[in-house]
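> Sharing a model prediction with you, sequence too.
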Amino acid sequence: MTGPMTAPPGSLLVASRLRKAYGPTNALDGAEFSIHPGEVVAVMGPSGSGKSTLLHCLAGIVPPDSGSITYNGREMAGMSDAQRSQLRRTEFGFVFQFGQLVPELTCVENVALPLRLNGSSRKEAERTALSWMERLEVDDLRGKRPGEVSGGQGQRVAVARALVTGPRVLFADEPTGALDSLNGERVMELLTEAARSTNAAVVLVTHEARVAAYSDREIVVRDGKSRDMERVI
Amino acid sequence: MSIGHTLLGLLESGPRHGYDLKRAFDEKFGQDRPLHYGQVYSTMSRLLKNGLVAVDGIEAGEGPERKRYAITDAGITDVQQWLATPEKPEPYLQSTLYIKVVLALLTHRDAGDILDTQRSEHLRMMRILTDRKRKGDLADQLICDHALFHLEADLRWLELTAARLDKLALAVTSR
């Protein structure tokens, strides 16, 4: 496993010597991470290795017990809760495996939701939402509710929603875990294309090699320690 | 791969010169390994000798004469039999990677390192294939998928082995 590293210049999000324990279990035990704008980094590792905890720490959802995380040169531990929430709403986007869409809202309302929460007018928010739905090839579902669309379509709607605010980092935790191969790959194609076109960084947690193959490089997490394969070889 | 059967199969749609056969083969199946002319001509002379193809015409030119080949009824039967016979599944019981892992454990080296390095190498190839698939047509996608699924199977074995290294170490050192 690697020791503490110096982040490469130009890194957008950097974590160093992260530790996080849940009771007696060390979920993270000195993990390191860095990502550049426009880069897609796969976080791989067996179940329980700490990869989701790493994502939650990087995204400011869970504070690490020790270690540092800097986003765009700013130490996250030094931010207030409100500042971290603001960061998550405006600079970060999230895609998870299931259940992210609000069932009572139509697909376009779901995609527009982050913009509405940030204060955009309904018309403006839905116009932007629709342009993202077009890019994810789900604009024809605008009036449907999540319960009326397939898993693959719903996941593309969720990707559109994650990207609608123009985040600089997209966090994707097993984004294709609930989909079959064909739908999963289409989601990955569209997700990575969309992220690259906006120069967003993507932190992609996956245990599937075929999904990781859409990344630029991978880090492997095992027993809470990370290994950056590009730097090792 | 049976080059003979593949060339025969390509001839079923109509007679062709050796050069056309090579081109059709490379385009459809050659991928990164095109046929050599020598392979085409030696295969065709064997098929000719066995009565599976016949010479349909000869063009004399400035260079060597160009034969045009046609498939015979016996050739069609041969292709039919080949297509209907299942391929023998590869048992994959000889694995260099398995040998490396066991040797590392026996010599108290870090077997996890070997697996991590191999994963990275597999992923590198999977990225190349995924990229090619993304830019390619349906035929390209199918051939890349075939390779990707095999690489993925290797990786699944690799992850399972990584999770069982401690047990494997005990097993191989106590024998």
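Good, I have the coordinates. Residues are numbered from 1 along each chain as shown, chains lettered A, B, ... in the order given.
> Closest to the centroid, which residue in chain A?
A:F171 (0.6 Å; C-alpha atoms, centre = their mean).
> Could you verify my assumption that that one touches A:V203?
Yes: under the criterion of C-beta atoms under 8 Å, A:F171 makes contact with A:V203 at 5.0 Å. All C-beta spots, glycine's among them, are computed from the backbone N, C-alpha and C.
> shared neighbours of those two, which are they?
Residues touching both A:F171 and A:V203 by C-beta atoms under 8 Å, 6 or more residues apart in numbering or on different chains: A:55, A:58-59.
> Can you flag which of the residues you listed belong to helices?
A:55, A:58 (DSSP state H).
> Nearest to chain B among the shared contacts of A:F171 and A:V203?
A:L55 (19.0 Å; C-beta to the nearest C-beta).
> beta partners of the residue lying closest to that closest one once chain neighbours are set aside?
Among residues not flanking A:L55 along the chain, A:V205 sits closest, at 5.1 Å (C-beta to C-beta, 6 or more residues apart in numbering or on different chains). Here A:V205 sits in beta bridges with A:V43, A:D173, going by DSSP bridges.
> looking at it, A:V205 is touching A:L58, isn't it?
No: the pair A:V205 / A:L58 is not scored as a contact, 10.0 Å apart, by C-beta under 8 Å.
> what's the overlap in contacts for these two?
A:F171.
> where along chain A do the helices fall?
Using DSSP H, helices in chain A cover A:51-58, A:81-90, A:107-117, A:122-135, A:151-163, A:181-197, A:209-212, A:229-232.
> Which one of those lies nearest to B:D166?
Comparing the helices of chain A by their distance to B:D166 (C-beta to C-beta), the top pick is helix A:51-58, with 20.6 Å.
> Looking at that closest one now, give me its mean pLDDT.
The average pLDDT within helix A:51-58 is 93.
> Under the pLDDT cut-off, which ranges of the chain? List them.
By default, I'm working from chain A. A:1-6, A:99, A:231-233 (pLDDT under 70).
> let's do chain B instead
In chain B, residues with pLDDT under 70: B:1, B:61-65, B:175.
> Around chain A, which positions in it sit nearby?
Counting by C-beta under 8 Å from any C-beta of the partner chain, chain B comes close to chain A at B:112, B:116-117, B:119-120, B:122-123, B:126-127, B:129-130, B:134, B:148, B:151-152, B:155-156, B:159, B:162-163.
> could you check the distance from B:E27 over to A:L117?
54 Å (C-beta to C-beta, to the nearest Å).
> What segments of chain B are strands?
B:16-17, B:53-59, B:66-71 (DSSP state E).
> Identify the residue spatially nearest to A:A213, adjacent ones excluded.
Per C-beta to C-beta, 6+ apart, closest to A:A213 is B:M126, 3.8 Å.
> How about B:E159?
Nearest to B:E159 is A:P46, by C-beta to C-beta, 6+ apart, at 6.3 Å.
> Burial check on the one you found, number of neighbours?
16 (other C-beta atoms under 10 Å in any protein chain shown).
> from memory it sits against B:A163, does it?
Yes: with contacts counted by C-beta under 8 Å, A:P46 reaches B:A163, the gap being 5.7 Å.
> what's the spacing between B:L129 and B:L10?
B:L129 is 25 Å from B:L10, by C-beta to C-beta.
> same deal with A:V149?
44 Å.
> Have a look at those two and say which one is more surrounded.
Each of A:V149 and B:L10 has its neighbours counted (other C-beta under 10 Å); B:L10 has more, 20 against 17.
> The more buried one reaches B:F25, doesn't it?
Yes: using C-beta under 8 Å, B:L10 is in contact with B:F25, at 6.5 Å.
> Domains of chain B: list them as residue ranges, please.
Segmentation of chain B into domains, based on automatic domain parsing, reads B:3-84, B:96-174.
> Report the distance from the longest one to the chain centre.
The gap between the average C-alpha position of domain B:3-84 and the chain average comes to 19 Å, counting by C-alpha atoms, centre = their mean, to the nearest Å.
> Return the set of buried residues in stretch B:4-15.
The neighbour-count check on stretch B:4-15 (16 or more other C-beta atoms under 10 Å in any protein chain shown) flags B:4-11, B:15 as buried.
> Nearest to A:Y71 among these?
B:T6 (55.6 Å).
> ok, now how distant is that closest one from chain A?
28 Å (C-beta to the nearest C-beta, to the nearest Å).
> coming back round to it: next, format the strands of chain B as a markdown table and append mean neighbour count.
Formatted as a markdown table, those follow (neighbours: other C-beta atoms under 10 Å in any protein chain shown):
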| stretch | mean neighbour count |
| --- | --- |
| strand B:16-17 | 18 |
| strand B:53-59 | 14 |
| strand B:66-71 | 18 |
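> Next, format those strands as CSV and append distance to A:L101.
Listed next are the strands of chain B as CSV, based on distance: least, C-beta to C-beta, whole Å:
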stretch, distance to A:L101
strand B:16-17, 56
strand B:53-59, 61
strand B:66-71, 57
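> now the helices for chain B?
Counting by DSSP H, the helices of chain B are B:3-11, B:18-25, B:37-49, B:73-84, B:96-106, B:111-135, B:138-163, B:165-174.
> Which strands and helices lie in contact with the fourth one?
Applying 3 or more C-beta pairs under 8 Å, 6 or more residues apart in numbering or on different chains; DSSP states H and E, one finds that helix B:73-84 contacts helix B:3-11.
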